[in-house]
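Asker: I would like the atomic coordinates for the input below:
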Amino acid sequence: MTSTAQAPQSGAGTAHPEHLGHVIFIAAAAAMGGFLFGYDSSVINGAVEAIRGRYDIGSAALAQVIAIALIGCAVGAATAGRIADRIGRIRCMQIAAVLFTVSAIGSALPFALWDLALWRIIGGFAIGMASVIGPAYIAEVAPPAYRGRLGSFQQAAIVVGIAISQLVNWGLLNAAGGDQRGKLMGLEAWQVMLGVMVVPAVLYGLLSLAIPESPRFLISVGKHERAREILAEVEGKGADLDARVAQIEHAMKSEHKSSFKDLLGGGFFFKPIVWIGIGLSVFQQFVGINVAFYYSSTLWQSVGVDPTDSFFYSFTTSIINIVGTVIAMIFVDRIGRKPLALVGSVGMVVGLALEAWAFSYHLVDGKLPGTQGWVALIAAHVFVLFFALSWGVVVWVMLGEMFPNKIRAAALGVAAAAQWIANWAITASFPSLADWNLSGTYVIYTVFAALSIPFVLKFVKETKGKSLEEMG
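Answerer: Alright, predicted model coming up:
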C-alpha cells in the first residue's frame, strides 16, 4: 500500500521577500564564518619560516604545527551539527566566534611551540564548525527562490578570506621592513599576522547577534510563533506562513536519519557510491592545492624569491583563486559538473608538470634561473586557476547531490572526513618532501592530477539537472 501523504503546499518557491537587502545581509553575516574559515586556514602561510626560526625546529616538527589545526577542523565539523541541533544555529556561530578570537590571541602570544599548536587546534575546531553551520543556516533561512545564489556566499567568503589574509600578511611584512620576525607593536611581525584575526572574529560574533535564529530550529523546539515572524521577514508576507510551518514540520518528521551502518555494503566495506565520494575528496586534496595556501611563501623563498615578493605572489595567487571560483559558479550549472572537473584536471596537470620541470633545475646564486623562475610562477597561478574553476567548487556541489537520499547525510560526513584527512596528509608531508626533492614532490601531485581524469571518466556520473530524488 503506497502512502499518499504529501507536504502542504505554501508557494514558497515563488515567494519573494519585500526587503531582499535584509535577506542578503543575513546570508552575508552567516557567511562571515566562511570568511574566517578561509582567513584562519591560510594566514599561517605568513608565519611558517618565522616559526621555524623562532623555535629552531626541523621540517617534520614544523609540518605538525601547521597541520595540527586540521585535527581540530575534523572534530569541529563532526560535532557542529549536533551542537546546532541542541542549542541553535546562532549559539553555534557565537561559540565559533569566541573560539576564533581565543585562537587568534593565543597564537599571537604563544609561550612555546606546544601552546602555539594548542591554539591552532582551537582555531581548527572553529573552522570545522564554521564549515558546517554557515551553509546549513543559509539554506534554512534563504527564500527558496534565492537559495542557490545565497548559498554561494559561503564559498565566495572562503576565497575572499584567503585573499584578505595574504594581503594583510604582505602589508604587515612591508611594515616590518621585509622581516617576518621584525618588530611591530612590540611583537614579531608573524605574531601580529596571526593576531589580526581578532578583528573579523569579533565582527562575526557581533553580526551573529543581529541575525535571527533558523525557523527550522525554532520549530524543532516548539517556538512556532517566532518561526512565523522570521519566515515573514525573509520570505515576504505573500507566503502562506501556516503552510510553511506545516511544510517544515512534515519534512522534519519524514527525514531519514542516516547512520554509518547505512553506508556499508558492496565488495569493499562501503557501497560503491560512497567510495566515489571519498575518491573525489581525496583527489581534490592530493593534487597539492593547500601547499599553495599554507606554504607558498616558504616555497618561493626556498627558490630564491625575496620574502616581500613571495608574500605578494601568495596574494596574487589568492586573487586568481577568487577569479576561478567565480568562473566555476557561473558555469557549473551551464556546462555541468563532470566536464568542468575534466577541464580542471587537464589544466592542473599542465600547471603542476611545468612547476615540477622548473623546480628540477639547480639554483644559481640561491635562485632559479630566469626562465625557470618565471615558468614556475606562471604555472603556479595556472594550477590554482584551473583548480578553483573546477575541483574547488565541483567536488562540494557533487558531494551534496550524488548520494541517494537515504544515505546522503552520513555519506557526506564520511566524504568530508576523508577530505580533512587527505588535507592533513598533504599539509604534514610537504616540508619533508620538499627537503627531499621539490621537483619530485610536484611530480607526485602531477600524477594524482592525471589519475583524476580516468577516475572522473569511469566512475563519476553527471548530476546536472537531476533532482535529488533521482539519485536513488
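Asker: So which residues make contact with the strand or helix carrying Arg54?
Answerer: Element membership of Arg54, judged by DSSP states H and E, is helix 48-55. With contact meaning C-beta atoms under 8 Å, 6 or more residues apart in numbering, helix 48-55 is reached by 57, 62, 65-66, 112-113, 116, 180-181, 188-190, 294-295, 297-298, 301, 307. C-betas here are computed from N, CA, C, even on glycine.
Asker: Sort out which of the residues you listed are buried, if you could.
Answerer: 62, 65-66, 113, 116, 180-181, 188-190, 294-295, 297-298, 301, 307 (16 or more other C-beta atoms under 10 Å).
Asker: Identify, from these, the entry nearest to Arg89.
Answerer: Tyr294 (29.3 Å; C-beta to C-beta).
Asker: So in the chain, where's the weakest helix or strand by average pLDDT?
Answerer: strand 264-268 (a mean of 72; mean pLDDT, DSSP states H and E).
Asker: any idea how far the following helix or strand past it is from the chain center?
Answerer: Following strand 264-268 in sequence order, the next helix or strand is strand 270 (DSSP H and E). In terms of C-alpha atoms, centre = their mean, to the nearest Å, the centre of strand 270 is found 25 Å from the chain centre.
Asker: Residues contacting strand 270, please?
Answerer: Contacts of strand 270 (C-beta under 8 Å, 6+ apart): 263-264, 278, 414.
Asker: The helix or strand hosting Gly440 packs against which elements?
Answerer: Using DSSP H and E, Gly440 falls within helix 408-459. When contacts are defined as 3 or more C-beta pairs under 8 Å, 6 or more residues apart in numbering; DSSP states H and E, helix 408-459 sits against helix 59-67, helix 69-87, helix 272-286, helix 289-294, helix 296-302, helix 337-359, helix 391-401.
Asker: tell me the mean pLDDT for the host helix or strand of Ala104?
Answerer: Following DSSP H and E, one finds Ala104 within helix 89-108. Mean pLDDT, helix 89-108: 95.
Asker: sorry, back to before: determine how far the helix holding Gly440 lies from the middle of the whole chain.
Answerer: For helix 408-459, the distance to the chain centre is 15 Å (C-alpha atoms, centre = their mean).
Asker: Please write out the alpha-carbon positions of stretch 135-146 in CSV.
Answerer: Provided in CSV are the C-alpha atoms of stretch 135-146 (Å, rounded to 0.1, in the frame of the first residue of the first chain):
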residue,chain,number,x,y,z
PRO,A,135,25.9,26.6,4.7
ALA,A,136,23.3,24.9,6.8
TYR,A,137,22.0,28.1,8.3
ILE,A,138,21.9,29.9,4.9
ALA,A,139,20.0,27.0,3.3
GLU,A,140,17.4,27.1,6.2
VAL,A,141,16.9,30.8,6.2
ALA,A,142,17.1,31.7,2.5
PRO,A,143,13.9,32.0,0.5
PRO,A,144,13.8,29.0,-1.9
ALA,A,145,13.8,31.3,-5.0
TYR,A,146,17.2,32.7,-3.9
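Asker: ok, residues contacting that stretch?
Answerer: Contacts of stretch 135-146 (C-beta under 8 Å, 6+ apart): 12-17, 20, 23, 26-27, 30-31, 81, 84, 89, 93, 147, 150-151, 153-154, 212, 214-217, 230, 234-236.
Asker: Flag every buried residue along that stretch.
Answerer: 135-143, 145-146.
Asker: Kindly report the same for stretch 198-206.
Answerer: 198, 200-201, 204-205.
Asker: Now do the contacts for Thr308.
Answerer: 170, 173-174, 178.
Asker: how close does it get to Gly222?
Answerer: Noted for Thr308: a distance of 58 Å to Gly222, by C-beta to C-beta, to the nearest Å.
Asker: Check Gly373 too.
Answerer: 64 Å.
Asker: Which one's more surrounded, those two?
Answerer: Neighbours per residue (other C-beta atoms under 10 Å) separate Gly373 from Gly222, with Gly373 holding more: 19 against 9.
Asker: That one reaches Ala358, doesn't it?
Answerer: Yes. Between Gly373 and Ala358 there is a contact under C-beta atoms under 8 Å: 7.3 Å.
Asker: what comes up buried for stretch 346-362?
Answerer: Neighbour-count burial for stretch 346-362, counted by 16+ other C-beta under 10 Å, picks out 346-359, 361.
Asker: Taking the residues you listed together, which two end up most distant?
Answerer: Val346 and Tyr361 (24.8 Å).
Asker: Correct me if wrong: Leu99 contacts Ala126.
Answerer: Yes. Between Leu99 and Ala126 there is a contact at 3.8 Å, judged by C-beta under 8 Å.
Asker: Go through the contacts of strand 270 and say which is closest to Asn437.
Answerer: Using C-beta to C-beta, Ile278 comes nearest to Asn437 of those, at 28.5 Å.
Asker: Grab the nearest non-local neighbour of that closest one.
Answerer: Ala418 (4.5 Å; C-beta to C-beta, 6 or more residues apart in numbering).
Asker: burial measure for the one you found, as a count.
Answerer: With other C-beta under 10 Å as criterion, Ala418 counts 20.
Asker: swap in Lys183?
Answerer: Other residues close to Lys183 by other C-beta under 10 Å number 12.
Asker: Contact partners for the closest residue in space to it that isn't next to it in sequence?
Answerer: What sits nearest to Lys183 in space, not counting adjacent residues and going by C-beta to C-beta, 6+ apart, is Ala176, at 6.9 Å. For Ala176, the contact set (C-beta under 8 Å, 6+ apart) comprises 182-184, 189.
Asker: make it 6 Å
Answerer: 182, 184, 189 (C-beta atoms under 6 Å, 6 or more residues apart in numbering).
Asker: now, which of these lie within helices?
Answerer: Judged by DSSP state H, these include Ala189 as members of helices.
Asker: Would you mind measuring from Gly277 to Ala422?
Answerer: 13 Å.
Asker: quick one: which of the two has more around it?
Answerer: In this view Gly277 and Ala422 are compared by other C-beta under 10 Å, and Gly277 has more residues nearby, 27 against 19.
Asker: Spatially nearest residue to Leu438, not counting backbone neighbours?
Answerer: Phe359 (4.5 Å).
Asker: Just the pLDDT for that neighbour.
Answerer: 93.
Asker: just checking, Lys261 is part of a helix?
Answerer: Yes. Per DSSP: H, G, I helix; E, B strand; the rest coil, Lys261 lies within a helix segment.
Asker: Before I go, just wanted to say thanks for your time.
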